[in-house]
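1. predicted model follows, preceded by the sequence.
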Amino acid sequence: MELTKIVILTGAIQSGKTTTLLRWCEHKRVGGFLTPVVTGKRMLFTLPDKVYAPFEADQASEESMAVGRFYLLKSAFAEMNNRLVQQNPEQLDWLIVDEVGPLELSEKGCYAGLVHAINHCTTPLLCVIRAGLVQQVIDKFNLTDAIVVEKDFFAEK
């Protein structure tokens, strides 16, 4: 059976999507990134090297952009885009994007890397998208063949 090229993991905000994927990908060949909350701050967790880097800033600055009530580091978005464009798909079973949201819908954030991954990646792509944005993302990126799942899909059996 051929793997679906794009899987969308959805659920409510703060419902454990990222935490579920942290556990799920522990012993798998995955690339891309997750964005877990660590000691109250959103972090960038790069894959497959499993390195934490700052993602959320304390305040507005030249190095950050406002997203809702948060300030996110531009350097983290540069790293996200870089990972989506440059990772070697032959070395991976999955490429993870956590998460696709309002920034990507407005062609910011990790938009460029996401478009590249959708169009060029041969590895299955796993996109985390909050429940209220799934259809908008499917429409924007023409993901009509994607399968949509909730976190129970990734529970270890």
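-> Everything's here; your move.
2. helices or strands next to the longest helix seen in the chain in the packing?
-> Scanning the chain for the longest helix, with DSSP state H as the assignment, gives helix 74-86. Applying 3 or more Cβ pairs under 8 Å, 6 or more residues apart in numbering; DSSP states H and E, we find helix 74-86 packed against strand 30-34, strand 41-47, strand 51-54, strand 64-67, strand 94-98, helix 111-120. Backbone N, C-alpha and C define where each C-beta goes, glycine included.
3. would you convert the ones you listed into TSV that also reports distance to residue 11, mean neighbour count and mean pLDDT?
-> As requested, the helices and strands packed on helix 74-86 are arranged in TSV below (distance: least, Cβ to Cβ, whole Å; neighbours: other Cβ atoms under 10 Å; pLDDT from 0 to 100):
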stretch	distance to residue 11	mean neighbour count	mean pLDDT
strand 30-34	14	24	96
strand 41-47	17	20	96
strand 51-54	23	13	96
strand 64-67	19	15	92
strand 94-98	12	24	97
helix 111-120	19	18	95
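4. and of those, who's closest to residue 85?
-> Closest approach to residue 85 among these is made by helix 111-120 (4.9 Å; Cβ to Cβ).
5. not counting its own residues, what contacts that closest one?
-> If you take Cβ atoms under 8 Å, 6 or more residues apart in numbering as the criterion, helix 111-120 is touched by 6, 80-85, 95, 97, 100, 103-104, 125, 127, 141, 143.
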